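K.L.:
Build me a structure from this.
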Amino acid sequence: MNITKLQQSGFILETDTGFKLGIDIGDKTPIEELKNTRVAACVISHVHGDHFSVPQIKALSPKKLWKLIMP
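P.N.:
Here you go, the predicted structure:
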């Protein structure tokens, strides 16, 4: 597994089989850094700009988007 740390809170996890998961990709990560990266899905821990940004998520082109429900 490979883990790439992005600005503020973002990560991209890539498994040995090539599955990529974006986690908390927020507005602190420049879109230019994401243009050549595609993920299968994104997970959002909560809806704050530094953890969730529509333009940044669109740049990753995920097929699924999940929001964690925290009690």
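K.L.:
which residues in this structure form helices?
P.N.:
54-60 (DSSP state H).
K.L.:
Low-confidence stretches in it?
P.N.:
For the chain, the stretches flagged by pLDDT under 70 are 71.
K.L.:
Give me the most central residue, it.
P.N.:
Geometric centre of the chain, nearest residue: Gly22, 2.8 Å, by CA atoms, centre = their mean.
K.L.:
so that one touches Val43, yeah?
P.N.:
Yes - Gly22 lies in contact with Val43 (CB atoms under 8 Å); the separation is 7.3 Å. Using the backbone N, CA and C atoms, a C-beta is placed for each residue, glycine as well.
K.L.:
Which residues are in contact with each of the two?
P.N.:
Shared contacts of Gly22 and Val43 (CB atoms under 8 Å, 6 or more residues apart in numbering): none.
K.L.:
Can you report phi and psi for the closest residue to Gly49 other than its chain neighbours?
P.N.:
Using CB to CB, 6 or more residues apart in numbering and skipping the chain neighbours, the partner closest in space to Gly49 is Asp27 (4.6 Å). Dihedral angles of Asp27 (phi, psi; degrees, to the nearest 10) stand at phi -80, psi 0.
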